[in-house]
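S.K.: Here is my input, please return the structure:
(one chain, ligands or ions: 2)
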Amino acid sequence: MLEIKNIKYSYSTNYQALKGVSLKVKKGEIVAILGKNGAGKSTLFLHLNGIYKPDEGQVIIDGEELKYDKKSLLKFRQKVGIVFQNPDDQIFAPTVEEDVAFGPLNLGLPMEEVQDRVEEALVRVGMSGYEKIAPHHLSGGQKKRVAIAGILAMKPEIMVLDEPTSGLDPQGVVGLSKLLKELNDEGITIIISTHDVDLVPNYAQRLFVLDDGLLIGEGTPKEIFAKPEILEQANLKVPIVTEIFQKLEKEGFDMEGDYPLTVDEAKDKFLKLLSKN
Ligand code: ADP
Ligand code: MG
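M.R.: Ligands and ions are numbered 1, 2, ... in the order given. A predicted model of the protein is given here:
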């Protein structure tokens, strides 16, 4: 389990980016952090494996408080892998395979194991065949997938992904949500930030809404997307699917207080409405 207790962080004396954030993520969960640009999502994520040290508050992983000496950081970074928002902050090796191999090599794994992990990670993100390519020749979306492979190859217990779907094409986004679900089925805890309200209910079990350095909402997708004040404050909207059913309700269809969030839920609701009429 990962717990954050009342974290405060300022980049400068006159601006506090995190104003006291507390949250808990259970082992095996997929949670998403939503919030407008500048809300503090990336700042929060950079605390999760000690890249940033909070001015106040603690990060606790499996009951152990994160410490900031080299040895502790190494240990925690094996547990918690972060995929940065901008892949250019993450990728620096001359070729894709060297980049993905960097983390596992640093863990001191034998060469054969490293090669297996690199291969498997590249297959999983759909980038096998690009091993010898220089990362700077890749598109933004491809770089993002390589960055994800680099973290996958470390086999972390908790994966933190900062806006992993931004810059991916539609198929890439669907592929990534599938991958997140698969990884979660294998036992990896997943924390992501995203603006993609349409897909988030397909994979996230709980949502946190961050605004101006404070959490303003926490709950299941059903709970959060039923709170217009929170959505408004955080510049979010309900999934398109939900919007359709809200409009149908205005036309007189009875939703019985249950609005679909995903395409599958929408299909079931349509069938139900059709069978009634
Ligand atoms: P988000 O990821 O939700 O878009 P960020 O965590 O990147 O938000 O930013 C939160 C706030 O902190 C913003 O006001 C942003 O301008 C500020 N900020 C982020 N990074 C830096 C930095 N390196 N130096 C100074 N201010 C920063
Ligand atoms: Mg960000």
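
S.K.: Now the residue nearest the centre of the chain: which helix or strand?
M.R.: The centre of the chain sits closest to residue 192, judged by CA atoms, centre = their mean, with a distance of 1.1 Å. Element membership of residue 192, judged by DSSP states H and E, is strand 189-193.

S.K.: circling back to that earlier point, tell me the contacts of the residue nearest to the residue nearest to the centre of the chain when sequence neighbours are not counted?
M.R.: Leaving aside its sequence neighbours, residue 192 sits nearest to residue 161 (CB to CB, 6 or more residues apart in numbering; 4.4 Å). In short, each C-beta sits where N, CA and C put it, glycine included. With contact set as CB atoms under 8 Å, 6 or more residues apart in numbering, residue 161 has these partners: 82, 83, 148, 180, 190, 191, 192, 193.

S.K.: If we use 10 Å, what do you get?
M.R.: Residues in contact with residue 161 (CB atoms under 10 Å, 6 or more residues apart in numbering) are 32, 45, 81-85, 144, 147-148, 151, 176, 180, 190-194.

S.K.: now residue 198
M.R.: Neighbours of residue 198 in contact, by CB under 10 Å, 6+ apart: 173, 237, 238, 239, 240, 241, 242, 243, 261, 262, 263.

S.K.: Provide a list of residues in contact with the second one.
M.R.: In other words, residue 237. Here residue 237 is in contact with 197, 198, 225, 228, 231, 243 (CB under 10 Å, 6+ apart).

S.K.: Name the SS class of it, please.
M.R.: coil (DSSP: H, G, I helix; E, B strand; the rest coil).

S.K.: For it, give its distance to ligand 1.
M.R.: Per CB to the nearest ligand atom, to the nearest Å, residue 237 is found 17 Å from ligand 1.
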